[in-house]
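Novice: structure of the sequence below:
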Amino acid sequence: MNKINPDIDIVNYVLKAVLEVQPDSVFVNSLYHQYCERGGLSKKQLEGLHSKALKIKTINPGKLATLEAIIKKKPTRYKSAMPETAMPAQTKDTVPGEIIDAILVKYPQHKRVLFLKTRYADNTLTALDIAEIQKFKKLLLKDH
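Specialist: Residues are numbered from 1 along each chain as shown. The predicted structure is shown next:
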């Protein structure tokens, strides 16, 4: 942060003024500790300090206005929403379903075709399953 006059530190002044009035405040103590260690505070921390400082009448209003200007100068960080996973819309191939239904009309107890029907309903048919359905069509449905 570029300071115009490094001798005047408004944030440090406000922190010390608030600490004089509220020495037991855990929040202000932690802000002061972070400011001394890191040399700065986040926008949210500065806003919290400003709200505490507004309640104290002994702080110069000009210093509060300068603190407010420092807060406005800092960028506002927004948490972006989680991006939606771009899953391509899968269109279900209806041909295997029609073949399975036609086989089950003729042979309703065919266990392998019943299994393939559940796989089709769950949309988990593989290429081998589709080839097997075609094979059953040739073997069992000679008229189609």
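
Novice: state the helix or strand in which L19 lies.
Specialist: Assigned by DSSP states H and E, L19 belongs to helix 10-21.

Novice: give me the most central residue, this structure.
Specialist: With distances taken as CA atoms, centre = their mean, M82 lies nearest the centre of the chain, 3.4 Å away.

Novice: tell me the secondary structure for that residue?
Specialist: coil (DSSP: H, G, I helix; E, B strand; the rest coil).

Novice: kindly export whichever helix or strand comes after the helix holding L19 (C-alpha atoms) in CSV.
Specialist: Once the chain leaves helix 10-21, the next helix or strand it forms, by DSSP H and E, is helix 26-38. C-alpha atoms of helix 26-38 as CSV (Å, rounded to 0.1, in the frame of the first residue of the first chain):
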residue,chain,number,x,y,z
VAL,A,26,-10.6,-9.8,21.9
PHE,A,27,-11.6,-8.6,18.4
VAL,A,28,-9.6,-5.4,18.6
ASN,A,29,-6.6,-7.1,20.2
SER,A,30,-6.5,-9.7,17.4
LEU,A,31,-6.8,-6.9,14.8
TYR,A,32,-3.9,-5.0,16.4
HIS,A,33,-1.8,-8.1,16.6
GLN,A,34,-2.5,-8.9,12.9
TYR,A,35,-1.8,-5.3,11.9
CYS,A,36,1.6,-5.3,13.7
GLU,A,37,2.6,-8.7,12.2
ARG,A,38,1.3,-8.4,8.7
